[in-house]
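Novice: Have a look at this prediction, sequence included:
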2 protein chains.
Amino acid sequence: MAKAIAKRDFPVWKARRFLEPGPVVLVSSHHRGETDVMTLGWHVVLAFSPSLVGLMISAGNHSHDLIRKSGECVVNLPTTDLTETVIGIGNTTGADIDKFAHFGLTAEPAETVAAPLIAECHASFECRLADDALVASRSFFVFEVVKAHVAPEPEHPETLHYVGEGRFMVSGKVIDRSELFRPEMLV
Amino acid sequence: MAKAIAKRDFPVWKARRFLEPGPVVLVSSHHRGETDVMTLGWHVVLAFSPSLVGLMISAGNHSHDLIRKSGECVVNLPTTDLTETVIGIGNTTGADIDKFAHFGLTAEPAETVAAPLIAECHASFECRLADDALVASRSFFVFEVVKAHVAPEPEHPETLHYVGEGRFMVSGKVIDRSELFRPEMLV
């Protein structure tokens, strides 16, 4: 079983460091006593400040209702040691089981939202709904990252990137090409 | 200099295989005799059928105007041998230079849109605007992939995933966990 990972406060505008590379994330939610978590690969960074992210959460997901009604969620970043858990969560529904209990995940209280942090994840981003213009038509939620928690190391954790058909690309080496950037581009 | 890569027709609904893992892409555009290309990491898969993708194209980009006015673009997938080109394109503006000429890229005619394919890229997805509800407020364009061109090999090319501050994560090994999925989940 994966261990809880101690995290520290992290600047919300830097959430892109972990989300822009396109990893699979675990989105936790809570509404009126019910908690759920789902696996998601369909997300996008939309702005630095405010720190905005867009999540496509299909209406077929049990989490969709909890997130729509509460206007909140936590985007958690699992690493490769959680691969089987990530798949299991993606292949089950919170309408049938309590996923936190079933998959042995630890729900930790967030600071600004009712949805829980997942202790076993490398990073957790507390999110509040910022724009619902595309929710009814396309299940696309624009959230503001209002609080970020990140493990101090490793700086670049090994993440999962879904390519479909049961296959994941695992993150590889990191290359530094900052010398090719104009200084003002180095955000 | 990178070589042109021969591509074949590819099912549009499978565009996610290349976009969902979160690579940096090159978005080409054309409007009234002017062609441009930009580097983009802020994109998301939104649906399989129709094949929808969302692109956050900041209004500060020269490409933004061409794409907004034409309602079209091509999303091209560069591999790591184009790293310097990707950075160069991201650090310059089409208002000042012809980026195709400056970076030695080959513009190939697309089939359904006026924006060109980039011959040196592994894959090219012809896109037509499907929903502009968030364009004015957030520069977020919802496109339909109407035609897909993909090189037959390698099946999983080495792609760039931006983490900020001039650093890229390079795609690593691919792991097959399809045996853990319910059959109906294997899309």
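Specialist: That came through fine. None of the values given here were measured: they were computed from a predicted structure. Numbering: from 1, shown residues only, chains lettered A, B, ... in the order given.

Novice: Please count neighbours and contacts with C-alpha atoms only from this point.
Specialist: Will do.

Novice: where do the strands sit along chain A?
Specialist: A:8-10, A:25-31, A:34-40, A:43-47, A:52-56, A:72-77, A:107-108, A:117-118, A:123-131, A:140-150, A:160-164, A:167-176 (DSSP state E).

Novice: quick one: the third one to chain centroid distance?
Specialist: A distance of 10 Å separates the centroid of the chain from that of strand A:34-40, by Cα atoms, centre = their mean, to the nearest Å.

Novice: Enumerate the positions of it that are buried.
Specialist: Within strand A:34-40, the residues that qualify as buried by neighbour count (16 or more other Cα atoms under 10 Å in any protein chain shown) are A:35-40.

Novice: Could you pull up the mean pLDDT of it?
Specialist: Strand A:34-40 comes out with an average pLDDT of 97.

Novice: Could you check the angle it makes with strand A:52-56?
Specialist: 90 degrees (axes from the mean of the first three to the mean of the last three Cα atoms, to 10 degrees).

Novice: now the strands of chain A in a markdown table, with distance to chain B?
Specialist: Formatted as a markdown table, the strands of chain A follow (distance: least, Cα to the nearest Cα, whole Å):
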| stretch | distance to chain B |
| --- | --- |
| strand A:8-10 | 15 |
| strand A:25-31 | 12 |
| strand A:34-40 | 10 |
| strand A:43-47 | 5 |
| strand A:52-56 | 6 |
| strand A:72-77 | 14 |
| strand A:107-108 | 24 |
| strand A:117-118 | 22 |
| strand A:123-131 | 10 |
| strand A:140-150 | 8 |
| strand A:160-164 | 4 |
| strand A:167-176 | 4 |
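
Novice: just so I know, which of those lies nearest residue B:93?
Specialist: strand A:43-47 (19.8 Å; Cα to Cα).

Novice: what's next to the closest one, contact-wise?
Specialist: Outside strand A:43-47, the residues that touch it by Cα atoms under 8 Å, 6 or more residues apart in numbering or on different chains are A:16, A:19-20, A:22, A:52-56, B:42-45, B:56, B:138, B:140.

Novice: Surely residue A:52 is in contact with residue A:143?
Specialist: Yes. Between residue A:52 and residue A:143 there is a contact at 5.6 Å, judged by Cα atoms under 8 Å.

Novice: any residues in contact with both of the two?
Specialist: Between them, residue A:52 and residue A:143 share the contacting residues residue A:130, judged by Cα under 8 Å, 6+ apart.

Novice: Going by distance to residue A:4, which of the contacts of strand A:43-47 wins?
Specialist: For the contacts of strand A:43-47, the nearest to residue A:4 is residue A:19 (20.5 Å; Cα to Cα).

Novice: need the contact list for the closest one.
Specialist: A:43-45.

Novice: could I get stretch A:38-57 in CSV with only the CA atoms?
Specialist: C-alpha atoms of stretch A:38-57 as CSV (Å, rounded to 0.1, in the frame of the first residue of the first chain):
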residue,chain,number,x,y,z
MET,A,38,-12.3,9.9,-9.9
THR,A,39,-9.4,9.4,-12.3
LEU,A,40,-9.0,12.2,-14.9
GLY,A,41,-6.7,12.9,-17.8
TRP,A,42,-8.7,15.6,-19.5
HIS,A,43,-7.5,18.8,-17.8
VAL,A,44,-5.8,22.0,-18.9
VAL,A,45,-4.0,25.0,-17.5
LEU,A,46,-5.9,28.2,-18.3
ALA,A,47,-4.1,31.0,-16.5
PHE,A,48,-1.3,31.7,-14.0
SER,A,49,-3.0,34.5,-11.9
PRO,A,50,-5.6,33.8,-10.9
SER,A,51,-4.4,30.2,-11.1
LEU,A,52,-7.1,28.6,-13.4
VAL,A,53,-7.4,25.1,-14.6
GLY,A,54,-10.1,23.5,-16.7
LEU,A,55,-11.4,20.0,-16.1
MET,A,56,-13.7,18.0,-18.4
ILE,A,57,-15.7,15.9,-16.0
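
Novice: in it, what's buried?
Specialist: So stretch A:38-57, judged by 16+ other Cα under 10 Å, has buried residues A:38-48, A:51-57.

Novice: ditto for stretch A:111-131
Specialist: A:113-131.
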